[in-house]
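Provide a 3D model corresponding to the input given below.
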Amino acid sequence: MDPGRPSPDGADLVLKYDDMGKIGHAAFLLHQHLSSAGKHAQRATEAAAKSLEGDGFGTGPALAKAGEGWQGQLEVLLDACAQISDHLDYSVKSSNQDDQFIGAQLRVSKISEYLDVPPAASGSDVPHVPKAEGPIM
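Sure, this is the predicted structure:
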């Protein structure tokens, strides 16, 4: 679908569970990969910074600060990936539950039409259904 055009049925938001699942899974995989690959140079950077500083080079503290900055940005990125993955998982599950609830409400509404159930009394969400008269078989 062209993002500049409205959807055929007039909806302004089109949610495709498959797409959400793919994005969530990609965020999960990126999180896993970054968790290990993003830290592979941490020890070497810390050792080089300590050695440079010990030898009197001003680049040692600068390298240590750069390494700390990298680790901070890595944590932000890891948190973002986790939030994206978790949010999309929750959204799909929540949307499925909403769809099931709405479907159940529509079925109940249809049954109520066939049975001519009167509307709910004021202040109550539960419709008043009169008891059947006569023998019940």
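
how near is residue 88 to residue 27?
Counting by C-beta to C-beta, to the nearest Å, the gap from residue 88 to residue 27 is 7 Å. Every C-beta, even on glycine, is put in place using the N, C-alpha and C of the backbone.

same thing with residue 81?
For residue 81 relative to residue 27 (C-beta to C-beta), the value is 5 Å.

do residue 100 as well
Using C-beta to C-beta, residue 100 is found at 26 Å from residue 27.

Neighbour count: those two, which is higher?
With neighbours defined as other C-beta atoms under 10 Å, residue 100 and residue 27 compare such that residue 27 has more, 20 against 10.

and residue 75, how many neighbours does it have?
12.

Kindly report the same for residue 56.
7.

got the contact list for it?
For residue 56, the contact set (C-beta atoms under 8 Å, 6 or more residues apart in numbering) is empty.

any chance you could map the helices in the protein?
17-37, 42-54, 59-115 (DSSP state H).

Turn those into CSV, including mean pLDDT.
Shown next, in CSV, are the helices of the chain (pLDDT from 0 to 100):
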stretch, mean pLDDT
helix 17-37, 86
helix 42-54, 95
helix 59-115, 80
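
Count the residues that sit near residue 85.
Per other C-beta under 10 Å, the neighbour tally for residue 85 reads 20.
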